[in-house]
Structures are given as structure tokens and as C-alpha cells.
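with the sequence up front, the predicted model follows.
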Amino acid sequence: MSISIQGLTRRYGAFSALEGVSLDIAKGEFVALLGPSGSGKSTLLRILAGLDDPDQGSVQRDDEDLLALEAQHRRVGLVFQHYALFAHMTVSENVAFGLRVRPRRQRPSRREIATRVQELLRRVQLEDMARRYPAQLSGGQRQRVALARALAVEPSLLLLDEPFGALDAQVRVTLRGWLRELQRSLGLTTLLVTHDQEEALELADRVVVMNQGRIEQIGTPAEIYREPATPFVYGFIGRANRFDGRIESSRLWLGTHAVPGELPATWAPGAVSVWLRPEHVTLAPRSGTGWAGQVVRLVQAGSAVRASLQLQGCEGIEVEAEWSADDVERRALVSGSAVAVQLRELTLFHAGGLRHVFHPRQDDGGANGGAVDIGPWLHRRG
Ligand code: ADP
Ligand code: MG
């Protein structure tokens with residue numbers, strides 16, 4: 001079932017926990033709400049679940065007014081970080097709970113309940129644990145029971161609030177892949193709240209980035225990372241460098257350094273905030289080209305190396321670059337080494353929110369940014 005959220009607002013006195021939030025979720029879609037603590041994620045989820053009411057706004061599920069329904073009639077499955085299982089009930093009793101408490105007329109028979117519980121435990125790969133008590137399970141197993149319990153009532157919408165938040169990193173990663181599989185196979189419309197960007201980017205079809213009760217951006221994981229719509233999203237997702245830059249005489253200035261390449265005349269002169277991903281700070285291919293600087297620090301991070309740099313004319317800030325371990329080794333870079341770098345892609349935010357992407361000229365002496373143009377050769381080969 002599809003969900004259409006329009007202009008949801010929730011205030012506590014003068015403070016807005018949610019302010020005019022609108023979002024459409026397609027049938028079977030997996031959407032992640034991502035944002036820092038206090039940005040309103042749980043408030044939105046609680047409203048959808050019927051645990052809280054908005055001051056303004058509407059929620060439609062297909063053609064039905066979801067907010068008009070009592071919580072127990074919403075057919076919503078809920079899993080929280082600390083949605084404690086009933087300690088005195090076995091795993092299968094926990095999963096059956098939502099069915100057993102139904103009014104007599106809607107309650108499945110004992111046998112039907114037993115069959116459904118067994119099927120759910122198989123889905124969450126806990127068939128062998130049916131008779132155990134929660135205290136006899138690991139954290140990851142408990143959250144799988146919580147999920148089976150949420151699924152028992154055949155929800156049309158699954159709401160997950162930091163479901164793996166209390167688990168250790170390795171279990172979290174395993175459960176992620178497992179949740180994605182389960183969600184796909186059931187075709188269940190799902191909204192996941194998380195402050196963990198890796199979790200959101202890996203799991204969701206679309207990510208909703210929230211900040212201070214508002215939506216900053218809605219997009220696919222690739223869009224959110226590659227085309228952040230606001231400075232907040234740029235800084236919140238992935239690693240980022242930020243400069244106070246200025247546009248003057250159709251050039252972009254970072255400190256006293258003019259970035260190579262002319263800006264379109266339509267980009268207004270003045271102050272801009274300039275954002276740059278570490279992977280867009282590359283080592284200049286030839287000596288005598290690029291922006292000169294010095295390595296301050298090198299940190300090995302898996303197959304990549306994170307370098308902190310001081311660049312000439314922009315000494316106030318440390319620029320972070322990400323290079324391959326191979327490159328660093330080949331050039332025998334150590335802290336203190338002189339380097340020259342090129343900036344591949346800069347995102348400029350003007351006051352007032354206007355956003356521009358700038359690809360500096362790669363002044364390494366060659367045409368076409370110094371890369372060999374193999375286009376004509378490819379065509380000839382065919
Ligand atoms: P998140 O889940 O993104 O961490 P929440 O939705 O829980 O954020 O909370 C959003 C904001 O609303 C927070 O600043 C929180 O303090 C505030 N808030 C939540 N519930 C209440 C409440 N019952 N009374 C007052 N403020 C609240
Ligand atoms: Mg929360």
C-alpha cells in the first residue's frame with residue numbers, strides 16, 4: 001500500500017519537532033529516515049503508528065485516512081530499538097501475542113496461530129528457538145523475534161525505529177542484509193529510522209534526510225551522496241571538506257588561491273560556501289602542475305589512505321584527501337611530503353541556497369584534463 005504524508009507538523013509549545021513534512025512512499029518501497037538525534041524521525045514514526053497525533057497535516061494510505069484510525073486498527077508493524085520482548089513468554093508466545101489478543105471474532109484458531117508463528121520463525125531463521133525465553137537469546141536474535149512479532153499481524157506498513165541501534169557493528173551488518181531480503185520477499189512498504197548513514201544508504205530505495213524537524217532532501221542513496229541539495233546534507237553524508245570561498249572576476253578563490261577555470265558569468269560574485277569530497281582531491285599527474293601543498297598526516301583506512309593537507313594560500317584549514325594505498329606508496333609519501341593536488345568537483349552554495357557544481361580545469365598541461373582521449377580510438381575499433 002502506498003502512503004502519502006502531507007504537511008505534518010508536531011509542536012511542543014513553541015518548539016517544532018516536525019514542521020511541514022511531506023513524503024510519498026510507494027507500495028513495497030523501503031524508505032530510510034536519516035538525520036541527527038532530535039531531528040524528528042521518531043516523532044514522524046510515532047504519528048504513523050498512532051502513538052502520537054500531529055497538530056497539522058494528513059496521512060493517506062491508498063484512499064484511506066490513516067490518522068482517523070485508532071492505533072490498533074492501523075495494521076502497522078512496529079519495531080523499536082528497545083521494544084522489549086515479554087520476558088515471561090517464550091519466543092513463539094511472543095510472536096503469537098498480537099494474534100492472541102485480537103477480539104474473538106478476528107482471532108485465528110489456535111492451530112492457525114501455531115502455523116503462522118512457525119512460518120514466521122522460519123522466515124527470521126529462528127525455528128529452533130521457539131521454546132526459548134528472551135533472556136536465552138542474543139541481541140540480534142531478540143530483534144529478529146521482535147520483527148517476527150511485528151509481522152505476525154500482517155501489517156501493511158512496517159515501521160522500524162533504530163532496530164539495530166543497540167547491537168554491535170558486525171551483527172548490525174549481518175542483520176541489515178537479512179532485513180533487506182525479508183522486506184523484498186514480502187514486498188512490504190517499510191519506513192526505517194536511523195542515524196547511521198551507512199545503514200540508510202545500504203538498505204533503502206530512497207533516503208529522507210531530516211534536520212530540525214524538516215526534510216532537507218529526498219533521493220536515492222546515489223543522489224543523496226553525489227548531489228547533496230543543501231550544505232547540511234553535504235556535511236552530514238560521507239566525508240566532506242568545507243571552505244569559505246568567494247567568486248570574483250569569474251574565478252573561484254579559496255584563500256589567495258584561484259581555482260583553475262573560469263566560472264559561468266551568471267554565477268553571482270560574492271561569498272560562497274564551497275564543499276569538496278576527499279576523493280575529489282587527487283594527486284596531480286605531473287610535477288609543476290596542480291595546487292601545491294604539504295602532507296600533514298596520513299592515516300591508513302583499509303585499502304585507502306586518508307591524507308590531511310595544508311594547501312598554499314589556504315593555510316587556515318586542513319584539507320582531507322583520500323588516495324589509494326598504491327599511489328601513496330609509489331610516490332613514497334610521508335607526513336611532511338610536498339605534494340600537488342587537483343580538485344575534481346566542487347559544490348558551491350550561495351547565500352540564499354542557490355547551488356552550483358564546478359569542475360575546475362585540470363591544468364596539467366594536456367588537453368582534456370590530461371587524460372588520454374580514447375574516444376576516437378574506440379570508434380575506429382568498431
Ligand atoms: P529523533 O528521533 O530524530 O532523534 P525525536 O522525533 O525523538 O527525534 O524528537 C524530535 C524533537 O522533539 C527533539 O528535540 C525532542 O526533544 C522533542 N520531543 C520529542 N518528544 C517530546 C515531548 N514529549 N515533549 C517535548 N519535546 C519532545
Ligand atoms: Mg529517535
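In hand now; what should we look at? Ligands and ions are numbered 1, 2, ... in the order given.

ok, residues contacting the helix ranked longest in the chain?
In the chain, with assignment by DSSP state H, the single longest helix is helix 169-186. For helix 169-186, contacts defined as C-beta atoms under 8 Å, 6 or more residues apart in numbering pick out 30, 123-125, 138-140, 143-144, 147, 151, 158, 160, 163-164, 167, 190, 196, 199, 202-203. (Glycine included, C-beta is placed from N, CA and C.)

show me the contacts for Q300.
Shown in contact with Q300 (C-beta under 8 Å, 6+ apart): 306, 325.

what about it, distance to A271?
The spacing between Q300 and A271, counted by C-beta to C-beta, to the nearest Å, is 36 Å.

do a quick rundown of the helices in this structure.
Assigned by DSSP H, the chain shows helices spanning 41-49, 91-100, 110-123, 139-152, 169-186, 197-203, 221-226, 231-236, 325-330, 375-381.

just send those back as CSV, with mean neighbour count, distance to ligand 1 and mean pLDDT too.
Output for the helices of the chain, formatted as CSV (neighbours: other C-beta atoms under 10 Å; distance: least, C-beta to the nearest ligand atom, whole Å; pLDDT from 0 to 100):
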stretch, mean neighbour count, distance to ligand 1, mean pLDDT
helix 41-49, 23, 3, 96
helix 91-100, 20, 24, 91
helix 110-123, 15, 28, 92
helix 139-152, 23, 18, 90
helix 169-186, 15, 18, 88
helix 197-203, 19, 13, 93
helix 221-226, 17, 17, 96
helix 231-236, 20, 13, 96
helix 325-330, 13, 37, 94
helix 375-381, 8, 48, 37
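
and T347, which of the ones you listed is closest to it?
helix 231-236 (6.3 Å; C-beta to C-beta).

so N211 sits against L33, correct?
No - with contact defined as C-beta atoms under 8 Å, N211 does not count as touching L33 (11.3 Å).

between those two, point out the one with more neighbours.
Neighbour count, other C-beta atoms under 10 Å: between N211 and L33, L33 has more, with 27 against 18.

for that one, report the pLDDT, please.
Per-residue pLDDT puts L33 at 98.

contacting residues for it?
L33 makes contact with 41, 44-45, 191-194, 208, 210, according to C-beta under 8 Å, 6+ apart.

domain-wise, how is the protein divided?
Under the assignment automatic domain parsing, the domains of the chain span 3-233, 241-381.

quick one, which of those is packed in tightest?
Of those, the one with the most neighbours on average (mean count of other C-beta atoms under 10 Å) is domain 3-233, at a mean of 18.

quick check: which ranges of the stretch 201-350 of the chain have low pLDDT?
Along the stretch 201-350 of the chain, the model assigns pLDDT under 70 to no residue.

contact residues of it facing ligand 1?
By C-beta under 6 Å from any ligand atom, no residue of the stretch 201-350 of the chain approaches ligand 1.

what about the strands in the stretch 201-350 of the chain?
All strands of the stretch 201-350 of the chain, identified by DSSP state E, counting those that start in this stretch, fall at 206-211, 214-219, 241-248, 251-254, 257-259, 270-276, 281-283, 291-301, 304-311, 314-324, 338-343, 346-350.

format the ones you listed as JSON lines; extra columns: distance to R11.
As requested, the strands of the stretch 201-350 of the chain are arranged in JSON lines below (distance: least, C-beta to C-beta, whole Å):
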{"stretch": "strand 206-211", "distance to R11": "16"}
{"stretch": "strand 214-219", "distance to R11": "13"}
{"stretch": "strand 241-248", "distance to R11": "32"}
{"stretch": "strand 251-254", "distance to R11": "41"}
{"stretch": "strand 257-259", "distance to R11": "44"}
{"stretch": "strand 270-276", "distance to R11": "30"}
{"stretch": "strand 281-283", "distance to R11": "43"}
{"stretch": "strand 291-301", "distance to R11": "43"}
{"stretch": "strand 304-311", "distance to R11": "42"}
{"stretch": "strand 314-324", "distance to R11": "39"}
{"stretch": "strand 338-343", "distance to R11": "43"}
{"stretch": "strand 346-350", "distance to R11": "29"}
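
gap between L309 and M210?
33 Å.

next one: F358
28 Å.

isn't D363 up against P285?
No - the criterion here is C-beta under 8 Å, and D363 misses it with P285 at 11.1 Å.

got a pLDDT number for whatever residue of the stretch 251-382 of the chain ends up closest to ligand 1?
Residue nearest to ligand 1 within the stretch 251-382 of the chain (C-beta to the nearest ligand atom): G353, separated by 22.9 Å. We have a pLDDT of 86 for G353.

contacting residues around the closest residue in space to it that isn't next to it in sequence?
Nearest non-adjacent residue to G353, counting by C-beta to C-beta, 6 or more residues apart in numbering: T230, 7.2 Å away. Residues in contact with T230 (C-beta under 8 Å, 6+ apart) are 216-217, 349, 353, 355.

nearest to V319 among these?
Using C-beta to C-beta, those come closest to V319 at F349, 17.9 Å.

thought H280 was touching V319, still the case?
No - with contact defined as C-beta under 8 Å, V319 does not count as touching H280 (10.6 Å).
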